[in-house]
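Enquirer: Mind folding the following:
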Amino acid sequence: MSTFGLDGVLTWTQAHQVASSCAQQLPNTYARLDEAAGSILAQPILTLLDDPAVDSAAMNGYAVCGEGPWRLTDEVPLRPNHAMRVRTGDPLPAHADAVQAIDSSAADHHGDGTVSVVGLDELTQLPDERARPAFGSGIIKQAGFAPRGTLLVPAGRALTPAMLALAAAAGYDGVEIVRPPVVGVIVLGKSLLSQGPSRDGRVRDALGTTVPSFVAACGGRGNPAVRAPDSADLLLTEIDDAAVDVIITTGSTAPGPDNHVRQVLRDLGAHWLIDGVAVTPGAQMLLAKLPDGRFLVGLPGEPQSALAGLVTLVAPLIAALRGAPLARSYPSAVLFADTLATEFADDTRLAPVRLEMLDTAQVAYPLEDDGPAGLTGWARADAVAMVPPGAGSRGDVVQCIPLSSPC
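Expert: Next comes the predicted model:
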């Protein structure tokens, strides 16, 4: 029985909910802007100063004082009948009472090197010494856009490049984020190859790079995978040495004397949360909490089953740890064709699908489980369709988890 009081193999929905509710959000931490992308913002981003910080020019032109014509100067504060050239956004010199737009002005260069500026008549567009802007026009007053402390980005949002650009423009060097979970990956199996195609009765490891990249797509920090023979002692050592929040193992999850993940978890006194899920593929996935608070996710070694475990357990667990809200429901689509049958009648089928809009409905096209390790369909899929027991026929409506954003 799991710690949640759920006995035996769980349904897909139960397992997904347990994985999303078993962990508490990690503590907040400070992060530089260049390392915060994708993390959950823990404290809102507010304006640090009034925007603008001082009275500023709303346009290119001349900051003027008093009546025209105005003598062009660089001296501050402005004296009556003087003007200073300004560009949009420039701070205004003291005593400026308006900004004369440059396209409504004429400049007269004198022989002594001085320059005088006059406004243009609105109707004739001819220089007119009596033409001048209304008092205060062309000026963005201090805090005219936003006073200090105005909300720019609320807490709880995943930080995008645009948000980070906004934070930098507002004067931030870093922000408070929810610390992203650090995830260690242990690939079990001494016969797996790390390079080249399968040969001499040995198969190429397909998961050592896949699992860390999936973790990164969910907003976690996936450490490079560690390869280990399927040995209880070596597995125990790797688990002890892993300074992470979550450990993901691949392989060795099926019951049996040659598969050591369960034995090691029992030896460690782990709290079992999930021991098997009624799903095809991936039924032999598991989730446990170690006595020190770390989590261990056991994925089957078969690549399709491992991908199913990533979607089912790893995505919601990482979302919970990083404080990201997990979707309560997923986009729906109509199956264009029958999906493959499940191993058992009460299994949920996770089927890779390609999504297209057909008229006004979104349609899911099931993809074949072929190619190396049966992964062609998963590689070409836009989403994974969750096909509940009893469904899977053409025309059935199913929910689909987008593979581009599985968390």
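Enquirer: what are the bridge partners for residue 153, then?
Expert: Residue 153 has these beta-bridge partners by DSSP bridges: residue 45.
Enquirer: So what's the residue count around it?
Expert: 20 (other Cβ atoms under 10 Å). Every C-beta, even on glycine, is put in place using the N, C-alpha and C of the backbone.
Enquirer: Was I right to think it contacts residue 42?
Expert: No: at 11.5 Å, residue 153 does not count as touching residue 42 under the criterion of Cβ atoms under 8 Å.
Enquirer: Residue ranges in the stretch 101-250 of the chain under the pLDDT threshold?
Expert: For the stretch 101-250 of the chain, applying pLDDT under 70 flags no range at all.
Enquirer: Please list all residues in contact with residue 65.
Expert: 78, 79, 80, 81, 82, 83, 95, 96, 97 (Cβ atoms under 8 Å, 6 or more residues apart in numbering).
Enquirer: Which of those are buried? Put it as a PyMOL command.
Expert: Under the burial definition 16 or more other Cβ atoms under 10 Å, those of these that qualify are selected in PyMOL by:
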select buried, resi 78+82+83+96+97
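Enquirer: Quick check: can you list the domain ranges of the chain?
Expert: Residue ranges for the domains of the chain, per automatic domain parsing: 10-26+180-321, 31-48+149-179, 56-140, 332-402.
Enquirer: ranking these by burial, who's on top?
Expert: Among the domains of the chain, domain 10-26+180-321 has the highest mean neighbour count (mean count of other Cβ atoms under 10 Å), at a mean of 20.
Enquirer: gap between the two ends of that domain?
Expert: Using Cα to Cα, to the nearest Å, one end of domain 10-26+180-321 lies 22 Å from the other.
Enquirer: Over to stretch 226-236?
Expert: First residue to last in stretch 226-236 (Cα to Cα) measures 13 Å.
Enquirer: chain center to it, what's the gap?
Expert: 33 Å (Cα atoms, centre = their mean, to the nearest Å).
Enquirer: ok, residues contacting that stretch?
Expert: 184-190, 192, 194, 205, 208, 238, 249, 251-252, 258-261, 263-264, 267-268.
Enquirer: is it true that residue 150 touches residue 46?
Expert: Yes: when contacts are counted by Cβ under 8 Å, residue 150 is listed as touching residue 46 (6.4 Å).
Enquirer: Give me the mean pLDDT for stretch 31-40.
Expert: Here stretch 31-40 scores 96 as its mean pLDDT.
Enquirer: ok, now stretch 73-87?
Expert: 96.
Enquirer: Next, the residue lying closest to residue 21 once chain neighbours are set aside: phi, psi?
Expert: Closest residue to residue 21 apart from its sequence neighbours, by Cβ to Cβ, 6 or more residues apart in numbering: residue 320 at 6.9 Å. Backbone torsions of residue 320, given as degrees, to the nearest 10, read phi -70, psi -40.
Enquirer: cool, and residue 315?
Expert: phi -60, psi -50.
Enquirer: ok, now residue 34?
Expert: Taking degrees, to the nearest 10 as the convention, residue 34 sits at phi -80, psi 0.
Enquirer: Distance check, it against residue 41.
Expert: 15 Å (Cβ to Cβ, to the nearest Å).
Enquirer: swap in residue 324?
Expert: 11 Å.
Enquirer: try residue 242
Expert: 28 Å.
Enquirer: same question, residue 188
Expert: Taking Cβ to Cβ, one finds residue 188 at 37 Å from residue 41.
Enquirer: Same check on residue 124?
Expert: Taken as Cβ to Cβ, the span from residue 124 to residue 41 is 55 Å.
Enquirer: Skip the chain neighbours and tell me the closest residue to residue 154.
Expert: Closest to residue 154 by Cβ to Cβ, 6+ apart is residue 44, at 5.3 Å.
Enquirer: Can you verify my assumption that that neighbour contacts residue 155?
Expert: Yes: if you go by Cβ under 8 Å, residue 44 and residue 155 touch, sitting 4.8 Å apart.
Enquirer: Could I get the pLDDT score of residue 304?
Expert: Residue 304 carries a pLDDT score of 96 in this model.
Enquirer: ok, now residue 320?
Expert: Residue 320 is given a pLDDT of 96.
Enquirer: Now do the contacts for it.
Expert: Counting by Cβ under 8 Å, 6+ apart, residue 320 has contacts 19, 20, 21, 22, 23, 24, 25, 326.
Enquirer: returning to that earlier point: strands - which of the contacts of residue 65 land there?
Expert: 82, 83 (DSSP state E).
Enquirer: Of the contacts of residue 65, just say which sits nearest to residue 385.
Expert: residue 96 (64.5 Å; Cβ to Cβ).
Enquirer: Apart from its neighbours in sequence, what residue is nearest that closest one?
Expert: In space, residue 96 is closest to residue 63, 3.8 Å off (Cβ to Cβ, 6+ apart).
Enquirer: can I assume the one you found sits in a helix?
Expert: No: going by DSSP: H, G, I helix; E, B strand; the rest coil, the assignment for residue 63 is strand, not a helix.
Enquirer: Identify those among the contacts of stretch 226-236 that sit within helices.
Expert: 238, 261, 263, 264, 267, 268 (DSSP state H).
Enquirer: pretty sure the fourth one contacts residue 239?
Expert: Yes: using Cβ under 8 Å, residue 264 and residue 239 qualify as a contacting pair, with a distance of 6.8 Å.
Enquirer: Following element in sequence after the lengthiest strand in the chain, please.
Expert: Ranked by residue count under DSSP E, the longest strand found in the chain is strand 348-358. Remark: after strand 348-358, the chain's next helix or strand is strand 361-366, criterion DSSP states H and E.
Enquirer: so what strands line up beside that next one?
Expert: strand 332-335 (parallel), strand 348-358 (antiparallel).
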